[in-house]
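Participant: for reference, the sequence and a predicted model appear below.
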Amino acid sequence: MPKRPTKTSSRPAPSRAGKTRAGRKRAADAHLGADALVFAPRATGEMPTKKEVLAFIASQSGTVGKREIARAFGLSAAQKVELKELLRDLSDEGTVERRSRKLHVPGALPGVVLADIVTRDADGELVAVPVEWDSEEHGDAPRIILQAPRHTARNRGPAPGLSDRALVRIVEGSGETYVGRVIKVLEKARKQTLGIFHALPQGGGRIVPIDKKAHGRELQIPPGAEHEAEDGDLVAVELMRQRVFGLPTARVKERLGSLKSEKAVSLIALHAHGIPHQFPDAVTREAEAAKKVTARGREDWRKLPLVTIDPPDAKDHDDAVHAVADEDPDNAGGFIVTVAIADVSTYVQPASALDREALIRGNSVYFPDRVVPMLPERISNDLCSLRPDEDRPALAVRMVIGKDGRKKSHAFHRIMMRSAGKLAYAQAQAAIEGRGDDTTDPLLEKVLKPLYAAYECVKRARDNRQPLDLDLPERKILLNPDGTVDKVVVPDRLDAHRLIEEFMILANVAAAETLEDKRTPLIYRVHDTPSLEKLSALRDFLKTLDIALPKIDTVRPSHLNRILALVKDTDAAPLVNQVILRSQCQAEYSSENYGHFGLNLRRYAHFTSPIRRYADLVVHRGLIRAMGFGKDGLPEDATAESLGEVAAAISVTERRAMAAERETIDRLIAHHLANQIGAVFKGRINGATKAGLFVSLDETGADGFVPAATIGADYYRFDEARQALVGERTGEMHRIGDRVEVRLVEAAPVAGALRFELLSEGTYVKGARGRPGPLRRSAGMKKGPGRAAPRAGGPGGKTGGRKPGGSRKG
């Protein structure tokens with residue numbers, strides 16, 4: 001049996017002047033001199049000037065922090081305090097910016113960037129531009145001259161080419177031109193369009209593009225260019241030479257599948273985003289050849305009654321939990337909580353075929369009609385799944401929890417376990433509430449009640465920590481056997497969900513702390529503080545509700561939670577929750593730690609789901625290396641730099657998966673509503689732009705678009721502070737969070753687009769020109785042309801992923 005673990009170790013807002021890159025350069029030159037960005041090494045120990053600090057930052061490719069600057073100039077501890085003030089001044093002046101708690105010259109590229117290869121220069125070298133670039137803020141995107149990629153045993157991917165998307169490490173450069181090295185080609189060029197083929201009686205056919213932006217712009221396929229495509233097939237087409245008049249002409253290059261199949265809708269997203277969904281033969285052979293491991297070399301914990309608690313339809317059970325009251329008299333009222341996670345690393349060795357494919361995929365992708373796993377089912381659903389009454393290898397962490405709910409100490413172990421039960425969330429909750437069954441009754445007293453008691457203890461520390469507490473109900477689509485939508489439900493949020501969520505967070509923190517303590521490189525899960533620009537916009541918006549967000553150096557989740565508590569159970573609550581959500585940065589993976597704002601944690605890593613996330617597998621290997629658990633841990637040549645490249649790559653695959661999942665839900669709902677044209681629905685405005693309003697329907701959660709030109713008999717302007725469209729003449733206002741009625745005008749299932757007509761009247765802004773009387777919309781009122789558009793951004797990925805229908809598992 002396991003032993004008890006021992007203890008382990010207000011300033012002003014920046015000026016908005018000089019927003020463009022050229023403007024900022026002029027401002028910097030005027031302030032620091034024409035040669036401001038020329039860095040020359042100097043004697044260490046002397047406090048640098050602003051000019052010298054800025055020159056050093058500009059001389060480094062990507063971003064640097066206070067630590068790097070202090071090291072470069074050999075500063076003492078006292079001088080670091082002066083440096084901090086100097087950097088604040090530079091930030092306030094707009095001559096440097098903060099990004100992920102690092103500093104960089106405005107408009108500079110980070111050390112690793114996602115880029116699209118767009119052309120060749122006069123010397124024939126490939127030229128790329130960054131995918132994410134704010135041209136309004138920084139001017140035209142810089143050019144990245146690409147060096148040939150390094151060919152190593154781990155980098156045998158395809159050579160980069162025009163129109164490819166690649167992960168690039170910046171080697172040198174600044175301003176408008178950089179030199180970079182291709183780390184990895186992520187997406188080969190797709191010079192073809194995806195669409196649905198509709199055959200014509202006389203031969204040939206039409207293509208309906210799947211892209212929302214191309215909705216309404218069909219392509220024609222001449223007879224003989226069908227490539228054996230049948231009516232209703234998803235196809236890839238290549239554009240042919242175009243005529244001046246008529247529809248664009250294309251030829252079918254590949255049949256990708258029939259949309260008459262049950263899993264057709266997710267098939268579109270798989271091909272549109274280039275998500276690998278078939279395992280190469282080498283990967284399949286390696287998985288099938290894997291043998292069950294024995295208990296040799298592991299601690300035997302098979303008598304410990306660990307249980308899994310998951311969604312009812314889960315197949316990959318990768319985490320199990322146990323809790324017991326601590327018998328130590330020095331920790332009266334405390335608990336010992338154990339979290340055991342499937343030991344995937346014992347089957348997926350570094351640089352193996354399974355490992356290379358897992359890195360390419362980055363994570364599992366969950367659609368309503370299918371799961372695209374990161375690992376073959378032989379691994380994910382069989383050898384590594386913590387099935388009840390079967391021996392399974394695991395990495396476990398035992399945590400001593402104090403009476404106040406805080407973790408006092410922890411210890412990691414490599415074990416052999418045997419799950420005592422497989423429970424669903426609702427099943428575990430029902431047992432605690434006195435509605436047990438044959439599975440839960442034997443577990444109630446010795447397993448479930450201690451788990452819930454430990455959760456009540458841990459919850460006290462969570463409440464004191466105050467993570468960001470957004471109220472954003474999540475919907476789940478239930479399908480019929482034929483793959484169509486049956487209904488959309490909002491699953492109840494149970495204490496069983498929260499219990500697992502909190503225990504997983506504790507285990508993830510313990511993993512990060514151990515790897516830091518052992519000085520082992522790792523991949524962090526990070527979530528940066530909101531940018532100054534987003535906080536300023538949020539502050540302006542809250543002013544319109546007479547709510548003040550204080551101007552302080554550092555905004556914490558507790559400040560936002562106070563605002564959320566203020567509007568709880570009011571009509572403004574959905575509106576405020578949405579706007580605060582949109583002020584957040586995107587959570588991501590990084591080999592550098594800058595904390596997790598949403599969870600209000602200084603260090604955090606993903607440890608609890610190695611079956612479905614590559615980041616967790618890397619953390620497992622790090623723990624094996626750090627704790628001396630075996631020779632299958634993190635390779636000795638793994639460094640923070642190499643893990644930074646992995647982190648950047650899997651952050652991209654995570655965003656890819658989120659987009660594919662979201663688009664698939666849009667398509668399913670649009671197909672579900674396609675036969676209800678003209679129907680009236682109740683909903684809520686969840687987005688506003690110059691082009692119009694985004695509305696989310698109450699019943700299904702479907703998102704659709706109301707073009708501004710179709711709203712009333714006025715000209716509507718976008719008010720950024722109010723997050724609303726406001727009538728220029730009448731002052732009628734439609735803002736995020738407003739309850740509305742809409743009529744469905746158009747549904748495009750293939751593109752996943754809905755277009756609505758707004759039926760509800762808005763509120764009125766004081767002081768607007770004209771007489772603010774009610775607008776009467778008659779049936780004959782002329783409506784302007786509208787178009788379907790993508791929905792506004794959702795909550796996915798802001799503070800970490802979750803299993804479909806389940807709790808946030810780390």
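Facilitator: Cool, the structure landed.

Participant: just how off-centre is the helix ranked longest in the chain within its chain?
Facilitator: As far as residue count goes, and with DSSP state H defining each element, the longest helix of the chain is helix 640-673. Computed by CA atoms, centre = their mean, to the nearest Å, the chain-centroid distance of helix 640-673 equals 7 Å.

Participant: in its sheet, what does the next helix-or-strand element following that helix sit against?
Facilitator: The element immediately downstream of helix 640-673 (helix or strand, assigned by DSSP states H and E) is strand 680-688. When pairing is defined by DSSP bridges, strand 680-688 lines up against strand 692-697 (antiparallel), strand 739-748 (antiparallel).

Participant: and strand 680-688, C-alpha only, in CSV?
Facilitator: Taking Å, rounded to 0.1, in the frame of the first residue of the first chain, the C-alpha atoms of strand 680-688 are listed here in CSV:
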residue,chain,number,x,y,z
VAL,A,680,-39.9,32.7,-35.4
PHE,A,681,-37.4,32.0,-32.6
LYS,A,682,-36.4,33.6,-29.3
GLY,A,683,-32.8,34.3,-28.7
ARG,A,684,-30.1,36.7,-27.4
ILE,A,685,-27.7,38.9,-29.2
ASN,A,686,-24.2,37.6,-28.6
GLY,A,687,-22.2,39.7,-31.0
ALA,A,688,-22.2,43.0,-32.8
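
Participant: now the angle from that strand to helix 640-673?
Facilitator: Using axes from the mean of the first three to the mean of the last three CA atoms, to 10 degrees, the interaxial angle of strand 680-688 with respect to helix 640-673 works out to 150 degrees.

Participant: sorry, back to before: hey, which of the strands paired with strand 680-688 is tucked in deepest?
Facilitator: strand 692-697 (a mean of 24; mean count of other CB atoms under 10 Å). Where C-beta positions appear, they are placed from N, C-alpha and C, glycine not excepted.

Participant: which other residues reach that strand?
Facilitator: By CB atoms under 8 Å, 6 or more residues apart in numbering, the list of residues contacting strand 692-697 from outside reads 681-688, 702-711, 725, 734, 740, 742, 756, 758, 786, 789, 791-792.

Participant: now restrict these to buried residues only.
Facilitator: Buried members of the contacts of strand 692-697, scored by 16 or more other CB atoms under 10 Å, are 681, 683-688, 702-708, 710-711, 725, 734, 740, 742, 756, 758, 786, 789, 791-792.

Participant: nearest spatial neighbour of the residue of the chain most remote from its centre, skipping sequence neighbours?
Facilitator: Outermost residue of the chain with respect to the C-alpha centroid, by CA atoms, centre = their mean, is Gln202; its distance is 47.1 Å. The shortest distance from Gln202 to any residue that is not its chain neighbour, by CB to CB, 6 or more residues apart in numbering, is 7.1 Å, and that residue is Pro223.

Participant: residues in contact with the residue nearest to Arg556 when sequence neighbours are not counted?
Facilitator: The spatially closest residue to Arg556, leaving aside those adjacent along the chain, is Asn600, at 6.9 Å (CB to CB, 6+ apart). For Asn600, the set of contacting residues under the criterion of CB under 8 Å, 6+ apart consists of 465-468, 556-558.
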